[in-house]
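**Q** all I have is the shape, not the residue letters:
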């Protein structure tokens, strides 16, 4: 019985140490979530306005020839998969990878090149059949605009050179701290016409110059916004996962404490019985 008590005490101590770690990680994730959500919320209106301007420009660009607007036969697809660099974030990475596998299964008639952002996605796909065109494993969940712009430039270069005929981005949208889901969006090429938009704008300078200068910034903004949202969803998922682990540790501690109390009571009862039995034997 004494050995059982020692085992229960050891397991209780281990559970308490684990709880301290998960609670600390929960607090860190909550702090990072707050910061990343503020940055995401501030950047979102800019991105939305850039998308609106692009829609109006495309509605006004009849007869304008630009590589981003060209309709081409899709032979090679670039799939950008955004995952985290670190684990312990619940189903964040597994949900993205599951949707990526679904997309890849549906696209077997075409060649698909992977562009991996995040170590977890790279760890999963590095030994699988799909070729990896580019990998970026140093963002660490931080919205570094210069690095993201460099990623965008490489994607644009691959598209304009003909190495890729279409680029899709698979990332996680942030709905709330308790709700997020992976989404697949087309990144390149761009749709030429937007229905329901007026095109009677006076543009200075000419439309070709505006589109040439605007598109590079708009595409970088699109990627930046997607990664900001994905990083925010990652922090939310990690906070929820660590809270769940902390709660589970609390339940385990309570259960082990109850078992320890019962075992201690049983040991005390046995000792009393032994003393009483020995006393009765001495009387006899």
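**A** Sure, I can see it. As the structure is a prediction and not an experimental result, all values here were calculated from the model.

**Q** right, and residue 26 touches residue 237 too?
**A** No - Residue 26 lies out of contact with residue 237 (C-beta atoms under 8 Å); the separation is 11.8 Å. The way it works is simple: take the backbone N, C-alpha and C, and place the C-beta from them, glycine included.

**Q** between those two, which one's more packed in?
**A** residue 237 (25 against 20; other C-beta atoms under 10 Å).

**Q** does residue 74 lie in a helix or a strand, and which?
**A** Secondary structure assignment for residue 74, by DSSP states H and E: no helix or strand.

**Q** quick one: contacts for it?
**A** 110, 165-166 (C-beta atoms under 8 Å, 6 or more residues apart in numbering).

**Q** helix, strand or coil: sort out residue 133 for me.
**A** Following DSSP: H, G, I helix; E, B strand; the rest coil, we place residue 133 in the strand state.

**Q** below-threshold pLDDT in the stretch 101-250 of the chain: ranges please.
**A** Applying pLDDT under 70 to the stretch 101-250 of the chain flags residues 191-203.

**Q** what are the boundaries of the strands in it?
**A** 111-117, 132-136, 166-176, 179-188 (DSSP state E, counting those that start in this stretch).

**Q** which residues does the third one contact?
**A** Strand 166-176 is contacted from outside by 37, 40, 74, 76-82, 92, 95-96, 99-100, 103, 115, 155, 158-159, 180-189, 223, 226-227, 229-230, 232-234, 236-237, using C-beta under 8 Å, 6+ apart.

**Q** so which of these belong to helices?
**A** Among these, the members falling in helices (DSSP state H) are 37, 40, 92, 95-96, 99-100, 103, 155, 158-159, 223, 226-227, 229-230, 232-234, 236-237.

**Q** any idea how far residue 98 is from residue 166?
**A** Distance, residue 98 to residue 166, using C-beta to C-beta, to the nearest Å: 22 Å.

**Q** what does residue 132 give?
**A** Residue 132 is 17 Å from residue 166, by C-beta to C-beta.

**Q** tell me the secondary structure for the spatially closest residue to residue 217 that is not a sequence neighbour?
**A** In space, and not counting its chain neighbours, residue 217 is closest to residue 50: 7.3 Å by C-beta to C-beta, 6 or more residues apart in numbering. With three-state DSSP as the basis, residue 50 sits in helix.

**Q** my read: residue 50 touches residue 216, true?
**A** No - between residue 50 and residue 216 there is no contact under C-beta under 8 Å: 11.4 Å.

**Q** who has more neighbours out of those two?
**A** residue 50 (18 against 15).

**Q** let me know the pLDDT of that one.
**A** What the model reports for residue 50 is a pLDDT of 82.

**Q** how much space between it and residue 274?
**A** 82 Å.

**Q** ok, residue 128 next?
**A** In terms of C-beta to C-beta, residue 128 sits 65 Å off from residue 274.

**Q** look up how far residue 206 lies from the residue nearest to residue 217.
**A** 20 Å.

**Q** now the strands of the stretch 101-250 of the chain in a markdown table, with mean neighbour count?
**A** Conversion of the strands of the stretch 101-250 of the chain to a markdown table gives the following (neighbours: other C-beta atoms under 10 Å):
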| stretch | mean neighbour count |
| --- | --- |
| strand 111-117 | 22 |
| strand 132-136 | 17 |
| strand 166-176 | 20 |
| strand 179-188 | 17 |
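
**Q** thank you kindly, that will do.
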